[in-house]
Structures are given as C-alpha cells and as structure tokens.
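coords below, sequence missing:
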C-alpha cells in the first residue's frame, strides 16, 4: 500500500473554490483523481468524511486528503462465515484487508463489503484485526449482542498463530504498550517515549503438532490476555523475534504477515452458551 496524506487549512482566498478544485490545488492531484478520492471516502473535513465535489468550505476548515494509488474497485467476494445466528456474525477475515474503513477509503474494508452484501442488516464490529492479519472477527447484528463488557473483563479467550525467524521458548511478556510519541503512521512499543502506555500481557509457546501441516518454519502460539493495538507484534518485536513479514516492527521481509487469529472462546451475549470458534489457518498450509 502506498498511501499519501495531505493535511491543510482552507485559506480565505480559497473559500469560493469547489472542493475538487481545492484538493487538486493543494495536493497536485488532477481534478478527476480528486473526485475519485472523494468518492472513495478519502477526504475528511473537520474529521468527517465528505464526498460532494462541488462543496465549498469556510476559511480555517481543516481538510485531510488520503490517496492510496493501489486501490482498485471495491472488493466483492463471499467472506467465509464461521458462525451465525440472530445476534452474531463471525467471519474469517482474509489477510490484506482492513477490518474497517481507513483514511483512504471506507469502501475497501471488510465491514463495508459485508454491509453491501447485507444492506438491511445492522453490523457492528466488536473488535479489530490488523490489515495483514487473517482469522476470526466477531460482528454484532443487534445491540444486545455487543461484547464490550466481555472484552473489558478479559473473559474472552484469544489464540493466535505466528511464524517467526527462529525458535522461541515458552515465555510470558507482561509489559505495557503505548504509542511511540510523534510516530506517523502510529507505531507502538514497550519502551521509549510512550503516549498513554497501558498494561499488556501475552503468553507465548512453540506450536505443537498443530503446526505439522504448515509451511516449514518456527511457529508460535500466542495468547494475549489483554487487547492492545499491535499487542502480539509489539511483544514479539520486544523479544527480538518479530513476526515474519512484519517489516513495520523490524521483521524479515516476506510476501505476507504471518499472523492469524486462530481461536476465540466467548460467552454468547444473549444465550449465555460458551462458544469455541476456530478459523482454519489455511493460508499457512504446505502445498
């Protein structure tokens, strides 16, 4: 992905310009490209997405423009459903797809895809997976099915699979995670000048027989006991064993991020039944 971002404030002399003209003037994009970015949802005014090319803005208005030249037409495919009832929809998110809208688009993510396929259904994402991560993602179809209280109480069991460059002994990392101050795009860490560091705990162990059918390599099972942004990636990087393909955290370059949300255990928010969900790590299987 090659996302370019511009952020500026409207000058008094620019109040009469159409928004597509203003974007073209400030970014160097053609007006045709500016209109395409608007339609994708890549323009925010005062932190709200706008799409009207002919709109004019008052002086001082804050404008953010995000353009990703790798985006094509919005995706259209059937996402594997792992579980569904009247309250919950659980899917297997493909790697490489954002869980929800990005700065550059609110049409190319998994939530938008599902909403296009289910236009009359309320869909509320209950947690997120990083764009490069595949696996279990839970969506509530009704307000009564929200899982916020379970995530806060840490009663949801989460198990991930990761591939690293060298064998890793069983270890528990219990270190806070915070955003590295001033990082853009946002990068997180356990040490250094951190903004709002919060407790984070992850238990790691070598994968057992479950990894026998995978591409040969060093496989790790990760069980995060908290839910911080990039938690597994940051804790493995802190150990000096970043996820293979995670160049953002100094991992070895690869054609993919070798991280998968494998299992999830939770109490059904309406029926109270304990659900044990699994997303087969099919992209890791040896051919």
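Received the coordinates, thanks. Because the structure is predicted, anything quoted here is derived from the model rather than measured.

Going by C-alpha atoms from here, please, whenever you check contacts or count neighbours.
Will do.

how is the chain carved up into domains?
3-68, 81-284 (automatic domain parsing).

chain center to the shortest one, what's the gap?
Going back to what we said before, that points to domain 3-68. The chain centroid and the centroid of domain 3-68 are separated by 25 Å under CA atoms, centre = their mean, to the nearest Å.

Check the last one too.
Averaged C-alpha coordinates place domain 81-284 at 8 Å from its chain's average position (CA atoms, centre = their mean).

that older thread, kindly state which of the domains of the chain is positioned closest to residue 74.
domain 81-284 (5.0 Å; CA to CA).

Flag every buried residue along stretch 129-142.
129-141 (16 or more other CA atoms under 10 Å).

of these, closest to residue 85?
Closest to residue 85, out of all of these and judged by CA to CA, is residue 141, at 8.9 Å.

Quick check: the closest one vs residue 76, distance?
According to CA to CA, to the nearest Å, residue 141 stands 21 Å off from residue 76.

One more: residue 139?
Separation of residue 139 from residue 76 (CA to CA): 19 Å.

ok, now residue 154?
34 Å.

So for these two, which sits in the more crowded spot?
residue 154 (15 against 12; other CA atoms under 10 Å).

mind listing what that one touches?
Contacts here follow CA atoms under 8 Å, 6 or more residues apart in numbering; on that basis residue 154 touches 225-226.

So what's the residue count around the spatially closest residue to residue 215 that is not a sequence neighbour?
In this structure, residue 215 finds its nearest non-sequential neighbour in residue 286, 4.5 Å apart by CA to CA, 6 or more residues apart in numbering. Under the neighbour criterion other CA under 10 Å, residue 286 is assigned a count of 10.

these two touch, right, residue 286 and residue 213?
Yes: between residue 286 and residue 213 there is a contact under CA atoms under 8 Å: 6.1 Å.

before we move on, the earlier item: nearest to residue 5, of the buried residues of stretch 129-142?
Nearest member of these to residue 5, counting by CA to CA, is residue 131, at 18.4 Å.

what's the spacing between that closest one and residue 156?
Applying CA to CA to residue 131 and residue 156 gives a distance of 21 Å.

swap in residue 112?
Noted for residue 112: a distance of 25 Å to residue 156, by CA to CA.

Show me the helices in the stretch 101-250 of the chain, by range?
110-117, 148-153, 231-238 (DSSP state H, counting those that start in this stretch).

any idea where the strands of the stretch 51-200 of the chain begin and end?
62-68, 81-84, 88-93, 124-125, 134-140, 157-164, 171-174, 177-180, 188-189, 194-198 (DSSP state E, counting those that start in this stretch).

Which among the ones you listed is found nearest to residue 263?
In terms of CA to CA, the element of those nearest to residue 263 is strand 157-164, at 5.0 Å.

From residue 143, how far off is residue 198?
Plainly put, residue 198 is 28 Å away from residue 143 if you go by CA to CA.

Of the two, give the one with the bigger neighbour count.
Taking neighbours as other CA under 10 Å, residue 198 and residue 143 compare with residue 198 leading, 15 against 11.

Return the set of residues that bridge with that one.
Note on residue 198: beta-bridge partners by DSSP bridges are residue 177.

thinking again about what came up before, contacts only, for the residue nearest to residue 215.
213-216 are the contacts of residue 286 under CA under 8 Å, 6+ apart.

what would the residues you listed look like in JSON lines with neighbour count?
JSON lines is the format used below for the contacts of residue 286 (neighbours: other CA atoms under 10 Å):
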{"residue": "213", "neighbour count": "12"}
{"residue": "214", "neighbour count": "17"}
{"residue": "215", "neighbour count": "14"}
{"residue": "216", "neighbour count": "12"}
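
Closest to residue 121 out of these?
Lowest distance from residue 121 to those (CA to CA) belongs to residue 214, with 36.9 Å.
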